[in-house]
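**Q** Pasted the sequence and its predicted model underneath.
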Amino acid sequence: MSEETTEVPAGPPGVADLDLKPALEAVLMVVDEPATEEHLSKILERPKRQIAKALRELADDYTVQRRGFELRYVAGGWRFYTRAEYAPAVERFVLDGQQARLTQAALETLAVVAYRQPVSRSRVSAVRGVNCDGVMRTLLQRGLVAEAGTEPETGAILYVTTNYFLERMGLRGLDELPELAPFLPEAEAIEAETQEAVPSFDPDAPDSEDADDKTEL
């Protein structure tokens, strides 16, 4: 009698066997922050140079095809974004036509932090000319700024922008900020107003209804 051979069905392909570009698209569809080329290289088991080349080709393809989304390199990694010209359609779907944005006070405070970082809360207030405690609290809670040590002379908490700030602004790094810093006062000009003895404030404290700035987004 002849021996019967039992065929074992092939298992699913390994990550390294997948077509690279569709695999990149699948991963980037589920990321909640920009994915670095190093991380994608490790996950998909491909050389970093191959990953970088495929990402740039995908980005170019989407632009040529005029897709409603684009693949952008932001804050050190890659992520899908709605193409700017189709933002009104997305806003109408998600927000029922109402545009969500930072208040003028929050934008001004965020700009001072971006250009003067690391900077204390009192220095930000001195540049703006108003108390910015409530606005700073909002920016902290939204993840746009973060604490980054203390000022040696006063012990005041210093603040910097975050990677999330870069991501939301569509910047690769702080060096891509527009040249606006020369229009902000020099540190010496506000030194007398920025001596701060209190190291920080409670980020969880409720905003005062009488606060000078409104901090709603």
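**A** The structure has been received and is ready for your questions.
**Q** Just want to check the distance between the spatially most central residue of the chain and Glu38.
**A** Against the mean C-alpha coordinate of the chain, by Cα atoms, centre = their mean, the closest residue is Tyr164 at 2.1 Å. Distance, Tyr164 to Glu38, using Cβ to Cβ, to the nearest Å: 20 Å. For every residue, glycine as well, the C-beta is placed using N, CA and C.
**Q** before we move on, back to that, can you tell me the closest non-neighbouring residue to the residue nearest to the centre of the chain?
**A** Excluding its sequence neighbours, the residue lying closest to Tyr164 (Cβ to Cβ, 6 or more residues apart in numbering) is Gly143, at 4.6 Å.
**Q** Verify the stated contact: the one you found with Glu167.
**A** No - using Cβ atoms under 8 Å, Gly143 and Glu167 do not qualify as a contacting pair, with a distance of 9.8 Å.
**Q** related to what we said a few turns ago, for the residue nearest to Tyr164, identify the helix or strand it belongs to.
**A** For Gly143, there is no host helix or strand (DSSP states H and E).
**Q** Next, it: phi, psi?
**A** Gly143 adopts backbone torsions of phi 80, psi 10, taken as degrees, to the nearest 10.
**Q** and Ala156, what pLDDT?
**A** According to the prediction, Ala156 has pLDDT 87.
**Q** do you know how far it is from Arg123?
**A** From Ala156 to Arg123 the distance is 8 Å (Cβ to Cβ).
**Q** between the two, which one's more packed in?
**A** Arg123 (26 against 21; other Cβ atoms under 10 Å).
**Q** State the distance from that one to Glu33.
**A** Separation of Arg123 from Glu33 (Cβ to Cβ) stands at 29 Å.
**Q** rewinding a little: who has more neighbours, Gly143 and Glu167?
**A** Between Gly143 and Glu167, Glu167 has the larger neighbour count (other Cβ under 10 Å), namely 20 against 13.
**Q** so what's the more buried one up against?
**A** By Cβ atoms under 8 Å, 6 or more residues apart in numbering, the contact list for Glu167 reads Glu33, Pro34, Val74, Ala75, Arg79.
**Q** just these now: which is nearest Leu20?
**A** Arg79 (17.6 Å; Cβ to Cβ).
**Q** elements contacting the helix or strand hosting the closest one?
**A** Using DSSP H and E, Arg79 maps to strand 77-82. Using 3 or more Cβ pairs under 8 Å, 6 or more residues apart in numbering; DSSP states H and E, the elements in contact with strand 77-82 are helix 20-28, helix 37-44, strand 69-74.
**Q** after the helix or strand of the chain with the lowest mean pLDDT comes which helix or strand?
**A** Using mean pLDDT, DSSP states H and E, the weakest-scoring helix or strand in the chain turns out to be helix 87-95, at a mean of 78. Using DSSP H and E, the helix or strand that follows helix 87-95 in sequence is helix 104-116.
**Q** Buried residues in that following helix, which are they?
**A** Buried residues in helix 104-116, counting neighbours by 16 or more other Cβ atoms under 10 Å, are found at Ala105, Ala106, Glu108, Thr109, Leu110, Ala111, Val112, Val113, Ala114, Tyr115, Arg116.
**Q** Good, wrapping up.
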